[in-house]
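Enquirer: Provide a 3D model corresponding to the input given below.
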Amino acid sequence: MKVPKSPSDVRDALISRLGRRNFLRAAAVVTGTGGSLLGSRAAFAATTSTSAAPAVTLPREILQPCKGPIDGKHYLPSVVEQVRWGYVPALSSPSVLRMKSGETVTIDSVSHEGLLEDQGRDPVAYFGEHGVPRANVLQDAIAIARDYSRTVRDFNVDGPHVVTGPIHVDGAQRGDVLKIEILTMLPRVPYGVVSSRHGKGALARTPNGGAPDGITLDEVMPPVATDGRPTGDPARYGNVSVFTPVRRGRKGVPSGVMKRGDSGEVTFPLRPFMGMMGVAFASADRPTDPALNSIPPTLGGGNIDINLLGVGAIFYLPVFTEGALFYTGDPHHAMGGGEVALTAMEGSLRGTFRLTVCKPGSGDAPSVAFHYPFAETPQAWVPIGLSDPDGSQNGQANDLDVAMRRAVVNALDFLEHDHGMDRAVAYAYLSAAADFEVSQVVDRTTGVHGVIPKEHFSD
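Expert: Have a look, this model is predicted:
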């Protein structure tokens, strides 16, 4: 009998005995009483706080490429040749890494903030204006802003996100599910940026320059627009970017800090997660095909922006091509539900993921996940609804009612097929005890997700 020699050995042994889902349930119980099932290295983030969000560890150094802790079996840095800027991989895209099902990978993601055209496309200069020394600016961010030449960028059309990948997972075939377990999330830098640009966000003007329903023109945000500038000039949108440093706040919790008036401030805890996790979904003849734009989420996931998908969560995606072709990007240090200003607190992260192929009939993934994105945390199941999931409206359909209906239908399907509930009873249960929350209202295709507490199904 092999004797476990390290916390990670103990974790892997428990997973093999209990299965990953049961292991996470047990971990949630044990950590909630002050214990640990995961050990000190792999999931410093398994320690629960009063909000049930994982604790956040700030590295003692800037996590430049290849520096600091790298927990995965594989490591994927965001070098220029391994990223796409503003677009996601197509079904036929070549992979930049190949790995076996069930293996782990650590990925260095790069935030687009400080790199974009309205910020000068020079992260050293942009962050330097906010007191960040050059040594504390990520080298891969500098290289991407300077050397990226895969496509000629169009600020008015392209997505903003730096997308890393794709990764080929052996054994994945169309009709399978890719299970993405989020194991660690480390902030690479102690700062982030929140931006409202392109005249977008929850309170943006209409395309013809008027006020959207429900508010007046005086209530539009951002409040400044210089419409007299040419279309190609980023300054015409009156963009606002708020630099947000990180420091330890109440009770030593790593927090974002913003100004309040002349001398006050507001602090909020970091809750890091990847806004974008996806698999190849669309076919395209060119890398800048509108079907590959990084902004709208799809049935293949992508820019899903669900703030529950931090450490300990699992994200399930239907597979549409051999190898799945997993990618990630849009790293967030924190995000409120709705992401109302357009972006979250954007900040580069180093994330470690376990990627596992689930076959139909195996019972390893929720039934809904074989045709639609689905998620779970240690505390809850998370059915998802999108307003234009297949791109039939070119990712432009933003009706939250449509997203809400699909989230409810996916919840009903899950409760009926995976938990044996009568559909009418499940509908009543959702109305009485589940929460449905706005994921985001800013990604063209809007999103709603449900939160079904696992403790209600204790048997």
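
Enquirer: mind checking the pLDDT average for stretch 58-69?
Expert: What stretch 58-69 shows for mean pLDDT is 95.

Enquirer: next: stretch 444-459.
Expert: Mean pLDDT, computed over stretch 444-459, is 94.

Enquirer: residue nearest the centroid of this protein?
Expert: When CA atoms, centre = their mean is applied to the chain, the residue found nearest the centroid is G275 (1.9 Å).

Enquirer: need the three-state assignment for the residue nearest to that one when sequence neighbours are not counted.
Expert: Closest residue to G275 apart from its sequence neighbours, by CB to CB, 6 or more residues apart in numbering: D330 at 3.5 Å. Any C-beta I mention is one placed from the backbone N, CA and C, and that applies to glycine too. Following DSSP: H, G, I helix; E, B strand; the rest coil, we place D330 in the strand state.

Enquirer: surely D330 meets H161?
Expert: Yes - D330 is within contact range of H161, at 4.8 Å (criterion: CB atoms under 8 Å).

Enquirer: now the common contact residues for these two.
Expert: Common neighbours of D330 and H161 (criterion: CB atoms under 8 Å, 6 or more residues apart in numbering): H112, M276, S294, N303.

Enquirer: how many residues are close by the spatially closest residue to the third one that is not a sequence neighbour?
Expert: Put plainly, it is S294. Spatial nearest neighbour of S294, excluding adjacent residues (CB to CB, 6+ apart): G159 at 3.2 Å. Neighbour count for G159, taken as other CB atoms under 10 Å: 25.

Enquirer: how near is the closest residue to L178 other than its chain neighbours to H168?
Expert: Distance criterion CB to CB, 6+ apart; nearest residue to L178, sequence neighbours excluded, is A324 at 4.5 Å. Distance, A324 to H168, by CB to CB, to the nearest Å: 7 Å.

Enquirer: more neighbours: these two, which one.
Expert: Neighbours were counted for A324 and for H168 using other CB under 10 Å; A324 has more, 31 against 19.

Enquirer: what values do phi and psi take at that one?
Expert: Main-chain dihedrals, A324, degrees, to the nearest 10: phi 70, psi -50.

Enquirer: distance of it relative to D422?
Expert: Using CB to CB, A324 is found at 35 Å from D422.

Enquirer: likewise T244?
Expert: 48 Å.

Enquirer: what does P389 give?
Expert: Distance, P389 to D422, using CB to CB: 27 Å.

Enquirer: so those two - more neighbours on which side?
Expert: The residue with more neighbours, out of P389 and D422, is P389; 25 against 11, by other CB under 10 Å.

Enquirer: how about that one: what's its closest non-neighbour residue?
Expert: L299 (4.9 Å).

Enquirer: same check on A280?
Expert: L325 (3.8 Å).

Enquirer: ok, back up a step: look up how far V83 lies from the residue nearest to L178.
Expert: From A324 across to V83, the span is 18 Å (CB to CB).

Enquirer: please apply the same query to D218.
Expert: Separation of D218 from V83 (CB to CB) stands at 41 Å.

Enquirer: F457: what's it in contact with?
Expert: Counting by CB under 8 Å, 6+ apart, F457 makes contact with H419.

Enquirer: circling back: residue contacts, the residue nearest to P389?
Expert: F281, P318, F320, H371, Y372, P373, L386, P389, D390.

Enquirer: same check, this time on P453
Expert: By CB under 8 Å, 6+ apart, P453 lies in contact with Q379, A380, A433, A434.

Enquirer: between those residues, which sits nearest P94?
Expert: Of all the contacts of P453, P94 sits closest to A380, with 37.0 Å by CB to CB.

Enquirer: kindly state the beta-bridge partners for that closest one.
Expert: Listed beta-bridge partners, A380: P453 (assigned using DSSP bridges).

Enquirer: surely it touches E437?
Expert: No - counting by CB under 8 Å, A380 sits too far from E437 to count as a contact (10.9 Å).

Enquirer: please identify which of the two sits among more neighbours.
Expert: A380 (20 against 16).

Enquirer: tell me who's in contact with the more buried one.
Expert: Contacts of A380 by CB under 8 Å, 6+ apart are L308, V451, I452, P453, K454.

Enquirer: and the gap between it and P297?
Expert: Between A380 and P297 the distance is 20 Å, computed by CB to CB.

Enquirer: before we move on, the earlier item: common neighbours of A380 and E437, please.
Expert: By CB under 8 Å, 6+ apart, A380 and E437 have these common neighbours: V451.

Enquirer: among the contacts of P453, which pair sits farthest apart?
Expert: The span of the contacts of P453, defined through CB to CB, is set by Q379 and A433 at 13.7 Å.

Enquirer: who's more crowded, the two?
Expert: Neighbour totals were compared for Q379 and A433, and Q379 leads with 20 against 10 (other CB under 10 Å).

Enquirer: surely the more buried one touches D435?
Expert: No - judged on CB under 8 Å, Q379 makes no contact with D435 at a distance of 11.9 Å.

Enquirer: now do the residue nearest to S294, the pLDDT please.
Expert: 94.

Enquirer: I'd say it and L116 touch.
Expert: No - taking CB under 8 Å as the definition, G159 is not a contact partner of L116, at 10.7 Å.

Enquirer: where do the helices sit along the stretch 351-459 of the chain?
Expert: Using DSSP state H, counting those that start in this stretch, the helices found in the stretch 351-459 of the chain span residues 400-419, 423-433.

Enquirer: now swap in the chain and tell me
Expert: Taking DSSP state H as the test, the helices found in the chain are 7-18, 20-32, 123-128, 139-147, 400-419, 423-433.

Enquirer: go through the ones you listed and find the least confident stretch.
Expert: Minimum mean pLDDT among the helices of the chain: helix 20-32, a mean of 47.

Enquirer: what comes into contact with stretch 199-211?
Expert: With CB under 8 Å, 6+ apart as the test, stretch 199-211 has contacts from 212, 215, 217, 219-222, 225, 227, 237-238, 338, 340-342, 441-442.

Enquirer: hang on, the earlier thing: redo the contacts of A380 as TSV? Include distance to T267.
Expert: Shown next, in TSV, are the contacts of A380 (distance: CB to CB, whole Å):
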residue	distance to T267
L308	22
V451	26
I452	31
P453	29
K454	31
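
Enquirer: and which of the residues you listed is nearest to I142?
Expert: Among those, and counting by CB to CB, the member closest to I142 is L308, at 32.3 Å.

Enquirer: backbone dihedrals for the closest one, please?
Expert: According to degrees, to the nearest 10, L308 has phi -80, psi -10.

Enquirer: now swap in the one 3 residues further on and tell me
Expert: Here the main-chain torsion angles of V311 (degrees, to the nearest 10) amount to phi -60, psi 130.

Enquirer: residues contacting T328?
Expert: Counting by CB under 8 Å, 6+ apart, T328 touches I107, S109, V163, T164, G165, M274, M276, M277, G278, G351, F353.
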